[in-house]
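Novice: Here is a sequence with its predicted model. Questions after.
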Amino acid sequence: MEVILAEKAGFCFGVKRAVDTAFQEAEKSKEDQIRRYTFGPIIHNEEVTKKLEESGVSVIESLDELKNLPEKSKIIIRSHGVGRDVYSAIEEAGFEVVDATCPFVDHIHKIVKERSEAGDEILIIGNPGHAEVDGTIGWSSKKPYVINSVEDIEALPDLSEANITVVAQTTYSLKKFQELVEVLKNKYYNTNVCKTICNATEDRQREAEELASTVDAMIVIGGKSSSNTQKLYEISRQQCNNTYYIQTLVDLDLTVFESTSRVGITAGASTPNYIIKEVQDSMSEKSFGEMLDEQGSFNVRRGQVIEGKVISVKPEEMVVNIYGKSDGILTKEEYSNNDVDLTTVAKEGDTITVKVINANDKEGYVLLSYKDILADESFKEIEAAFNDKSVLTGKVISSNDHGIVAVVKETRVFIPGSLVSDRREKDFSKFEGQEIEFRIQEFDPSKRRIIGNRKDLLLERKAEATEKLLSELEVGQVVEGDIKNITKFGAFVDLGAGDGLLHISEMSWGRVEKPEKIFKVGDHVKCYVKEINGTKIALSCKFPESNPWLNAEEKYAKGTVVKGKIARMADFGAFVVLEPGVDALLHVSQISLDRIDKPSDVLKSGQEIEAKVVDIRPEDHKISLSIKALLEDRGETPSAVAEDVAEDVAEKAVEDAETTETADTTSDTTSDDAE
């Protein structure tokens, strides 16, 4: 059997450029950890789209999906192009555009933009709803008309007074385009026709027509949604009744070529070369009888799942008997995404289930994958977990600024940063290598988009633990925990199964100005439960047995001479700290034998003074002091005191000029004492 391959079969310049760009971006994504997405399939070929998805480049179909993408994502514009509103929406959403639009399509966009802005009526000859046509429509400043038949031309409004610009979809049938243009020119005089069908498309269509007219059977290879491949099929079919439209070698039915002597092969502009070569090699390298014999004895095809037996094992690869004409090769890369020594996981004679990823490599072996089997199993497991809201366990294999990636068997699950933890995390790398539990929040099998949620699971478990903790806690119970967070009003203590609030007023018997002067995050504290209100737990470090007022009446009995530090002052007097938690009032009238207008005239914050206790009311936590009474006891006279006061005032003025001491000095001292 003679097999003839058309010279122009396969990727055109624009498609190759777009596909190369997408795979290059996939490689960059591995380095910078920034996700890439194509706006619509990069080309109309399911195999290419699948390989891109496996490389980490997913497809989004609408602008609505932008709001669900990770920050800093990059959006690849497919070869068919898009309207300018799409560019604007992507940029306004804060994402970077990677433009892979075919240069020939981009040329059409410029024509439509320029001529529509000049006032021309725009007619687009193409397939309504095709991605390229929709993108071209988006560059016209007025509503254009899409023409795909003579009936469409007859339905046009009266455009006899307008200037008309005609463009064509780059992959449109040249013959049909010429027929429609002829009708348009007969109807409208003022028509400017721009011949925008790609040269490669013209050459491919012309070559397919010539080849189909000389062969017994014709094979057209391409995606089912590929417009230019459909045109090739239609053209070939007109010349050869035995024309077959396939996507891959798997679709090829060998029995139809039993009595065929000459077979022609062509392919659409979006068909990868390796698919064309697989078909050509299968038809060329074996006789028809050999192909039928092999197909009858064992139909090994890509994607097929086979249970085989291990023949030999090396650290890098194993040979598997798949009971066909060729043995299968399973490399460690296709065994697992993890670096594994195959001799540690399999031995000769073991049975293993594998998937065929290449039915015939250059050395005649069948290439196999085990991780694809695990991926398929885990995909089903994940789908079931999504449906019944069950918990999955996966190992975190990578992280970036946007979140983490966990693997369930061989299927990746992305957990956004906002759903990783019940507390704000700044560094997600600490999760790498950990086994974590989560639920599936979003599952889209068509895009293999899987989003996990660990936060809600943690909150649920925390709520359960808190409920259990509350049922076991009692007011007055002593507990211990670590400081989790500090605020201006207190600190939150992690009690293991819940948090308790240690209010600033409950941190010490002494006065506390700022919680951070007493504690820091991570400190271990011992306190007791002061109050339970619903799910709120109030804690206190002011243990009753350490209350300094318990023995204050004896320690600070009336008439006792004491020493203390000025903590703060008011016009009516100064407050003196005798010990942490015990303050006393030194009234302005008790500061000196002479009349004093206000305490700050003779005293300053942080100053240590000596005074006499003149009154104590322990039940009200009040002590009154008097320097005046102490001076009288010592026989001081007002004049002598006046001289001392004047000297103190002068010294204070000099000190104030050099530096200002604030009440914080005393507060710090008080806090230190409390610690």
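Specialist: Perfect, I can see it now. Numbering: from 1, shown residues only.
Novice: Can you list the low-confidence ranges for this structure?
Specialist: The model of the chain has pLDDT under 70 over residues 258, 284-299, 324-325, 360-364, 638-675.
Novice: One more pass at 50, please.
Specialist: Scanning the chain for pLDDT under 50 picks out the ranges 285-298, 640-643, 645-646, 649-650, 652-654, 656-675.
Novice: Identify the residues contacting residue 71.
Specialist: 94, 401-402 (C-beta atoms under 8 Å, 6 or more residues apart in numbering). Any C-beta I mention is one placed from the backbone N, CA and C, and that applies to glycine too.
Novice: one more time with 10 Å
Specialist: Neighbour list for residue 71: 34-35, 94-95, 401-402, 416-417 [criterion: C-beta atoms under 10 Å, 6 or more residues apart in numbering].
Novice: now swap in residue 451 and tell me
Specialist: 68, 386, 403, 413-416, 419, 438, 440-444.
Novice: what packs against the host helix or strand of residue 29?
Specialist: Assigned by DSSP states H and E, residue 29 falls within helix 13-32. Packing partners of helix 13-32 (3 or more C-beta pairs under 10 Å, 6 or more residues apart in numbering; DSSP states H and E): strand 36-39, helix 46-54, strand 57-60, strand 74-77, strand 96-99, helix 103-117, helix 199-212.
Novice: tell me how far the second one is from the chain's mean position?
Specialist: It stands for helix 46-54. In terms of C-alpha atoms, centre = their mean, to the nearest Å, the centre of helix 46-54 is set 21 Å apart from its chain centre.
Novice: please renumber so the chain begins at 35
Specialist: Noted, 35 is the first residue going forward, which turns the last one into helix 80-88.
Novice: elements contacting that helix?
Specialist: Other helices and strands packing on helix 80-88, by 3+ C-beta pairs under 10 Å, 6+ apart, are helix 47-66, strand 70-73, strand 91-94, helix 307-318.
Novice: Now with 8 Å, please.
Specialist: Secondary-structure packing of helix 80-88 (3 or more C-beta pairs under 8 Å, 6 or more residues apart in numbering; DSSP states H and E): helix 47-66, strand 91-94.
Novice: relative orientation of it and helix 307-318 in degrees?
Specialist: Using axes from the mean of the first three to the mean of the last three C-alpha atoms, to 10 degrees, the direction of helix 80-88 lies 130 degrees away from that of helix 307-318.
Novice: now do the last one
Specialist: Per the same axes, to 10 degrees, the angle that helix 233-246 makes with helix 307-318 is 10 degrees.
Novice: Within its sheet, name the partner strands of whichever helix or strand comes after helix 233-246 and how each one runs.
Specialist: Sequence order places strand 251-255 as the next helix or strand after helix 233-246, per DSSP H and E. Note on strand 251-255: by DSSP bridges, its sheet partners are strand 277-280 (parallel), strand 296-301 (parallel).
Novice: so where do the helices sit in the stretch 535-684 of the chain?
Specialist: 586-589, 661-667, 672-692 (DSSP state H, counting those that start in this stretch).
Novice: hmm, back to that, dump the strands paired with strand 251-255 into a markdown table; add mean neighbour count and distance to residue 560 as well.
Specialist: Shown next, in a markdown table, are these (neighbours: other C-beta atoms under 10 Å; distance: least, C-beta to C-beta, whole Å):
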| stretch | mean neighbour count | distance to residue 560 |
| --- | --- | --- |
| strand 277-280 | 20 | 76 |
| strand 296-301 | 24 | 77 |
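Novice: Nothing else from me, thank you.
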